[in-house]
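Trainee: got a predicted model here, sequence first, then my questions.
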Amino acid sequence: MAVTCYTEEFTSTVSPARLFKALVTESHVFIPKAVPGGIKSVEFLEGNGDAGSIKQTNLVDGGKLKFMKHRIDVVEVEKLHTKYTLIGCDIEFEKVDSVVTEIKFEAAPGGGCVCKMTSEYHVKAGYELKVEEVKEGKLRASGLFKAVEEYLVALPEECA
């Protein structure tokens with residue numbers, strides 16, 4: 001099995017702690033409110049958000065996917081760091097066994113946040129993953145980040 005790595009970096013005027021809370025520790029409550037046109041609900045199938053928990057994100061009707069399941073591998077609140085693995089969804093991926101994503105939220109010079117995300121695509125034997133094939137996932141991550149950021153800017157009391 002080959003591993004293909006991609007990195008992405010997002011910047012925001014929102015503090016790292018607020019973004020971490022919205023996207024990680026309170027994501028099950030916050031994300032459906034921030035992205036009602038894309039995400040119906042987020043629920044824990046096992047655990048309560050700590051390492052080892054299984055979280056299911058249920059998407060709105062009409063899209064390619066209905067749900068995604070992630071195993072939370074690491075949650076370090078004090079370091080604003082998380083790592084999780086996509087372990088299932090309602091469609092089978094032809095080329096990919098799993099996707100491991102690691103995100104670090106850091107203070108930006110002059111205020112705000114830099115979010116550094118690394119995704120490891122564990123590709124099935126005999127397949128090769130091209131940049132174009134992960135573009136949709138990268139766009140989805142970018143869109144989620146921007147939607148959450150806009151919501152937090154508009155409502156400064158959220159995740160404060």
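Mentor: Yep, that arrived. Residues are numbered from 1 along each chain as shown.
Trainee: need phi/psi at K40.
Mentor: As for K40, its main-chain torsions (degrees, to the nearest 10) stand at phi -80, psi -50.
Trainee: er, T4 I mean
Mentor: Main-chain torsions, T4, degrees, to the nearest 10: phi -110, psi 130.
Trainee: what's around it, how many residues?
Mentor: Neighbours of T4 under the rule other Cβ atoms under 10 Å: 19. To be clear about C-beta, it is placed using only N, CA and C from the backbone, and glycine gets the same treatment.
Trainee: so it touches E120, yeah?
Mentor: Yes: counting by Cβ atoms under 8 Å, T4 touches E120, with 7.4 Å between them.
Trainee: how about the least confident helix or strand in the chain by mean pLDDT: buried residues?
Mentor: Using mean pLDDT, DSSP states H and E, the weakest-scoring helix or strand in the chain turns out to be helix 131-154, at a mean of 85. For helix 131-154, burial by neighbour count (16 or more other Cβ atoms under 10 Å) applies to E133, V134, G137, A141, L144, F145, A147, V148, E149, Y151, L152.
Trainee: swap in stretch 61-68?
Mentor: Buried residues in stretch 61-68, defined by neighbour count with 16+ other Cβ under 10 Å: M68.
Trainee: show residues contacting it.
Mentor: Residues from elsewhere that reach stretch 61-68 (Cβ atoms under 8 Å, 6 or more residues apart in numbering): G38, Q56, T57, N58, L59, L86, G88, C89, D90, I91.
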